[in-house]
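[1] coordinates for the following, if possible.
(one chain, ligands or ions: 2)
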Amino acid sequence: MEKVFISPSRYVQGKDVLLKAGEYVKKIGDNALVLADEFVWDLAGNTVLENLEQSGIQTKRIVFGGEASTEEIKRIAADGKESNVVIGIGGGKTLDTAKAVADELQVGVVILPTTASTDAPTSGLSVIYSEEGTFESYKFYDKNPDLVLVDTKIIAQAPPRFLASGIADAMATWVEARASIEGRGTNMAGGLATIAGQAIAEKAEEVLFEYGLLAYEANKRQIVTPALEAVVEANTLLSGLGFESGGLGAAHAIHNGFTALHGEIHSLTHGEKVAFGTLTQLALEDRTLDEINTYIDFYLALGLPVTLEDIKLKDVSDEDLLKVAELAVQEGESIHNLPDTITADQVVDAIKAADQYAKAYKQLVGYEN
Ligand SMILES: NC(=O)c1ccc[n+]([C@@H]2O[C@H](COP(=O)([O-])OP(=O)(O)OC[C@H]3O[C@@H](n4cnc5c(N)ncnc54)[C@H](O)[C@@H]3O)[C@@H](O)[C@H]2O)c1
Ligand SMILES: [Zn+2]
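    Ligands and ions are numbered 1, 2, ... in the order given. This next block holds a predicted model:
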């Protein structure tokens, strides 16, 4: 199989870069379909819209309903017949929907994340859910976004929980890419990982261990610091390129399985569920005590969930865990990139092991919730 590496055409990051939206977007299109949810329209959308109009770009304002579902994509695409560029402003689901609409209309796409909560901004794919929020599929595109514009001032003002979630999503990147590379798995670009894909995934983890906690503190004070800039880049660019061109493994497959359960687990962010999925993958892979404890310790410092209780599954039944595991090992899931053949039974045991290891660690260090 050949090696493949893909990426967005342009990535711009810095304080107040949203105020340059018009300047950058006009190189891509002059008639924009602009998508954000109600909250993000007030937060940043209206400012961007004004800026685009000042640059002579025609705009159409769309309110995103909240789920990256096939129905929502169709509804929005029907409004975009005259547009030659789609702009998504907000969190992962808005951005995924914007990419899908742009693909449907076969026009350019610009991504303006207002949080660093996921590595969705740079990828050439969307994660599609049912209207009820259950994972359905990955939808792949011919190209990645034309432009990703990341305003660190806006991100510094978002809740720290979002940054921590993005750190968790980005911490999964190297754990999963390493497993996929060891298993000669297929990356999200449809090939083997390049040296670049591998190096970028590995660098994401290095930056996060070095600056993650400093950035989290900066975010609590809503300030932009070099550490925050580094972590926003690690969560967004390094993790985005790293997972897509490095390869996914078990953590995301297990996350996808969890989305099928009902109840309180739905109040968790994508990154929070991925954090537990990552600990589960480490247990599945037979990593050492030291290595596993390093991750648990880092996650606890960031307020991330590490046990089943933390992900609102304290009393989960074996039947539900088996359901999660069966979805995680279904055909086409990224868990099959791992070197060994993984069964649902092994996934159930790994989930319980991850839960138990974290409980033991909390007890060891006298951690109190
Ligand atoms: N396509 C990809 O490559 C990829 C990668 C990772 C994750 N994802 C997807 O991303 C989704 C998760 O995204 P998410 O975690 O960003 O959640 P989300 O998109 O579901 O929700 C984000 C929420 O945060 C709010 N928000 C946005 N900016 C804010 C700000 N600055 N301050 C306060 N609130 C703000 C929004 O109004 C929204 O309610 C999942 O569907 C996941 O599958 C996709
Ligand atoms: Zn993710």
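[2] check contacts around the residue of the stretch 1-150 of the chain found nearest ligand 1.
    Closest to ligand 1 within the stretch 1-150 of the chain is Gly92: 2.2 Å, counting by C-beta to the nearest ligand atom. In short, each C-beta sits where N, CA and C put it, glycine included. Counting by C-beta atoms under 8 Å, 6 or more residues apart in numbering, Gly92 touches Ala68, Ser117, Thr118, Ala120, Val127, His270.
[3] the residues you listed also near ligand 1: which ones?
    Contacts with ligand 1 are made by Ala68, Ser117, Thr118, Ala120, Val127, His270 out of the contacts of Gly92, judged by C-beta under 6 Å from any ligand atom.
[4] give me the nearest residue to the third one, chain neighbours excluded.
    For Thr118, the nearest residue in space outside its immediate sequence neighbours is Gly92; the separation is 3.9 Å by C-beta to C-beta, 6 or more residues apart in numbering.
[5] what's the answer for the fourth one, then?
    When the adjacent residues along the chain are set aside, Ala120 lies closest to Gly92, with 4.0 Å between them (C-beta to C-beta, 6+ apart).
[6] mean confidence for stretch 246-256?
    Mean pLDDT, computed over stretch 246-256, is 98.
[7] how about stretch 9-20?
    Stretch 9-20 comes out at a mean pLDDT of 98.
[8] got the residues of the stretch 1-150 of the chain near ligand 1?
    The stretch 1-150 of the chain comes close to ligand 1 at residues 37, 39-40, 43, 68, 90-94, 96, 114-115, 117-120, 123, 125-127, as judged by C-beta under 6 Å from any ligand atom.
[9] try it again with 5 Å
    Proximity of the stretch 1-150 of the chain to ligand 1 (C-beta under 5 Å from any ligand atom) is limited to residues 37, 39, 90-93, 96, 114-115, 117-120, 123, 127.
[10] same question, the stretch 251-369 of the chain
    Thr269, His270.
[11] show me what contacts the residue nearest to Ala344 when sequence neighbours are not counted?
    Closest residue in space to Ala344, ignoring its immediate chain neighbours: Ala325 at 3.9 Å, by C-beta to C-beta, 6+ apart. Residues near Ala325 by C-beta under 8 Å, 6+ apart: Ile254, Gly257, Ala344, Asp345, Val347, Val348, Ile351.
[12] ChimeraX command to pick out the buried ones of these?
    Of the contacts of Ala325, the buried ones can be selected in ChimeraX as follows, counting by 16 or more other C-beta atoms under 10 Å:
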select :254,257,344,347,348,351
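[13] the residue of the stretch 1-150 of the chain closest to ligand 1 and Val274, how far apart?
    Separation of Gly92 from Val274 (C-beta to C-beta, to the nearest Å): 11 Å.
[14] confidence score at the residue of the stretch 1-150 of the chain closest to ligand 1?
    pLDDT, Gly92: 97.
[15] please point out which parts of stretch 314-325 sit buried.
    By neighbour count with 16+ other C-beta under 10 Å, stretch 314-325 contains the buried residues Val316, Asp320, Leu321, Lys323, Val324, Ala325.
[16] and what of stretch 295-303?
    Using 16+ other C-beta under 10 Å as the test for burial, stretch 295-303 gives Tyr295, Ile296, Phe298, Tyr299, Leu300, Leu302.
[17] how far away is the third one from ligand 1?
    It refers to Phe298. 19 Å (C-beta to the nearest ligand atom, to the nearest Å).
[18] tell me the mean pLDDT over stretch 173-191?
    The pLDDT scores in stretch 173-191 average 98.
[19] near ligand 1 at all, that stretch?
    No. Figure legend: stretch 173-191 not in contact with ligand 1 (C-beta under 5 Å from any ligand atom); closest approach 7.6 Å.
[20] now that stretch, how far from the chain's geometric center?
    16 Å (C-alpha atoms, centre = their mean, to the nearest Å).
[21] kindly check the end-to-end length of that stretch for me.
    End-to-end span of stretch 173-191 (C-alpha to C-alpha, to the nearest Å): 17 Å.
[22] and that stretch, what's buried?
    Buried residues in stretch 173-191 (16+ other C-beta under 10 Å): 173-181, 183, 185-189, 191.
[23] ok, stretch 19-31 next?
    If you call a residue buried by 16+ other C-beta under 10 Å, then stretch 19-31 has these buried ones: Ala21, Gly22, Tyr24, Val25, Ile28, Gly29.
[24] and if you look at stretch 56-71?
    Result for stretch 56-71 [16+ other C-beta under 10 Å]: buried residues Ile57, Thr59, Lys60, Ile62, Phe64, Gly65, Glu67, Ala68, Ser69, Thr70.
[25] quick one: the helices in the stretch 1-150 of the chain?
    21-25, 38-40, 46-54, 70-77, 92-105 (DSSP state H, counting those that start in this stretch).
[26] correction: the stretch 201-350 of the chain
    226-233, 239-246, 250-258, 270-284, 289-301, 318-328, 344-365.
[27] can you list contacts of the last one?
    The contact list for helix 344-365, computed with C-beta under 8 Å, 6+ apart, reads 250, 254, 257, 276, 279-284, 292-293, 296-297, 300, 306-310, 318, 321-322, 324-326, 328-329, 335, 367.
[28] buried residues of it, list them for me.
    Buried residues in helix 344-365 (16+ other C-beta under 10 Å): 344, 346-355, 357-359, 361-362.
[29] how about Gly242, nearest residue that isn't a chain neighbour?
    Per C-beta to C-beta, 6+ apart, closest to Gly242 is Ala201, 3.2 Å.
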